[in-house]
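>>> Build the 3D model from these lines:
(chains A, B, C and D)
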Number of protein chains: 2
Amino acid sequence: MQREVVDFFVDGVKVLGLPRSLGEIYGLLFITTAPLSLDDLVRDLGISKGSASQGLRMLRTLGAVREAAGNGDRRTYYEPAVDLKKLVGGFIREQVRPHLDSGKIKLRFIAETASLTADPVDKEFFNDRIERLESWMKRGGQVLPMLQKILGQ
Amino acid sequence: MQREVVDFFVDGVKVLGLPRSLGEIYGLLFITTAPLSLDDLVRDLGISKGSASQGLRMLRTLGAVREAAGNGDRRTYYEPAVDLKKLVGGFIREQVRPHLDSGKIKLRFIAETASLTADPVDKEFFNDRIERLESWMKRGGQVLPMLQKILGQ
DNA sequence: CATGCAGTTCAAAAAAACTTGAACAAAGCG
DNA sequence: CGCTTTGTTCAAGTTTTTTTGAACTGCATG
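Below is the predicted model:
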């Protein structure tokens, strides 16, 4: 059954454009009672140490996984964050926002270039399109916090 | 300037997990006054006929591009859909919904398998996790229409 | 109805993304 | 300290995805 759940998450992360190893790791943590170490993941999933290490780092960055506290042991154990709001928040913060922000910067640059257009008919068309893009970006920026709010309970 | 706009869309579609050619094609249509034919796209973007054909098909499926009406000519000309609501709607319909739906089916299957678990402690844990997944999927299904609504004006 | 043009298809090539594994760093332990 | 164990890094290898281009379909036109 674990395998099916892992596959379920593999599909899930692929939809989000994340590497399969993230889905495998998160999926196994999600469907396992006790926290797991890097070596556990390598053994149980049959992935390399490199993948497991990189996957865990990214999952931590996304806030999807955290170190489990207090295990009388040298190695680190991990447990999944299972709160949808937190997961979505991490994804937005790490994967969506940066693109939205860099998009806004590029757009500002494009707008400047367009303002140099000589032909007034072209210029009006370009301005219209650029305004549209700006409104899309703005709306995107507004929707993200709503999303987080809606999904958090 | 057109090139910058095209690149802007290339980045955009990549974030959505779509091939770069879609961004190029849509981007050029978006920043061009008159509708363009397949050959125009091939020439101006320097992509192959195959790419242009496949890209256009997918964009039509997504509702992001449509044939321009009435051109006294044998070939077909295309123009972009520039209504955010429609674009988001097409993306959700073609790219998000199918995954959500197949996810729900897989989840049902997983739930059945889990119900066969012998150990009562494991069983409770599995059920808890599966319920959580079901609630995530359900919430996803609820959020999509809201998204479309929020983005459409 | 034969020719030429618009567009599609799909196997192979190219590019991009991901994973591996061996070398390395860091840190605890005796 | 020196040894062992845990975890990281990154160049090379593998897999996956995308693009190409040549062969093909079908239609319109002379």
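
>>> Those residues of chain A touching DNA strand C, which are they?
With the criterion set to Cβ under 7 Å from any atom of the strand, chain A comes near DNA strand C through A:17-21, A:46-51, A:54-55, A:74. C-beta here means a position set from N, CA and C on the backbone, and glycine is covered the same way.

>>> Distance to DNA strand D and secondary structure added to these, as TSV?
Below are the residues of chain A next to DNA strand C laid out as TSV (distance: Cβ to the nearest atom of the strand, whole Å; DSSP: H, G, I helix; E, B strand; the rest coil):
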residue	distance to DNA strand D	secondary structure
A:17	10	coil
A:18	12	coil
A:19	10	coil
A:20	8	helix
A:21	11	helix
A:46	13	coil
A:47	12	coil
A:48	7	coil
A:49	5	helix
A:50	3	helix
A:51	8	helix
A:54	5	helix
A:55	9	helix
A:74	5	coil
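
>>> Looking at those, which one is closest to residue B:110?
Ranked by distance to residue B:110 (Cβ to Cβ), the residues of chain A next to DNA strand C are led by residue A:20 at 18.2 Å.

>>> Need the residues that contact stretch A:36-43.
Stretch A:36-43 is contacted from outside by A:24-25, A:28-29, A:44, A:47-49, A:52-53, A:55-56, A:73, A:75-78, using Cβ atoms under 8 Å, 6 or more residues apart in numbering or on different chains.

>>> ok, the residue in chain A that DNA strand C sits nearest to to residue B:1 distance?
Going by Cβ to the nearest atom of the strand, DNA strand C is nearest to residue A:50 of chain A, at 2.1 Å. Residue A:50 is 43 Å from residue B:1, where distance means Cβ to Cβ, to the nearest Å.

>>> ok, now residue A:45?
Distance of residue A:45 to residue B:1, computed by Cβ to Cβ: 48 Å.

>>> Look at those two and report which has more neighbours.
Neighbour totals were compared for residue A:45 and residue B:1, and residue A:45 leads with 20 against 16 (other Cβ atoms under 10 Å in any protein chain shown).

>>> list the contacts for residue A:77?
Taking Cβ under 8 Å, 6+ apart, we find residue A:77 in contact with A:34, A:35, A:36, A:37, A:67, A:68, A:71.

>>> My error: substitute residue A:67 in the last question.
By Cβ under 8 Å, 6+ apart, the contact list for residue A:67 reads A:76, A:77, A:78, A:79.

>>> redo that, cut-off 6 Å
With contacts defined as Cβ atoms under 6 Å, 6 or more residues apart in numbering or on different chains, residue A:67 is in contact with residue A:76.

>>> What confidence value was assigned to the most centrally placed residue in chain A?
When Cα atoms, centre = their mean is applied to chain A, the residue found nearest the centroid is residue A:91 (3.1 Å). With respect to pLDDT, residue A:91 scores 96.

>>> Over to the one 5 residues further on?
If you check residue A:96, the pLDDT there is 95.

>>> What separation do you get for it and residue A:10?
Applying Cβ to Cβ, the value for residue A:96 to residue A:10 is 21 Å.

>>> any low-confidence regions in chain A?
Where chain A drops to pLDDT under 70, the residues are A:153.

>>> tell me the helices in it, going along the chain?
Under the criterion DSSP state H, chain A contains helices at A:2-15, A:20-30, A:38-45, A:49-61, A:84-91, A:97-114, A:120-151.

>>> The first one near chain B anywhere?
Just to be clear, that refers to helix A:2-15. Yes - judged by Cβ under 6 Å from any Cβ of the partner chain, helix A:2-15 comes into contact with chain B at A:4, A:8, A:15.

>>> count of residues packed around the second one?
If I follow you right, that is residue A:8. By the criterion of other Cβ under 10 Å, residue A:8 has 19 neighbours.

>>> Disregarding flanking residues, what is the spatial nearest neighbour of it?
Nearest non-adjacent residue to residue A:8, counting by Cβ to Cβ, 6 or more residues apart in numbering or on different chains: residue B:106, 5.6 Å away.

>>> All set now, cheers.
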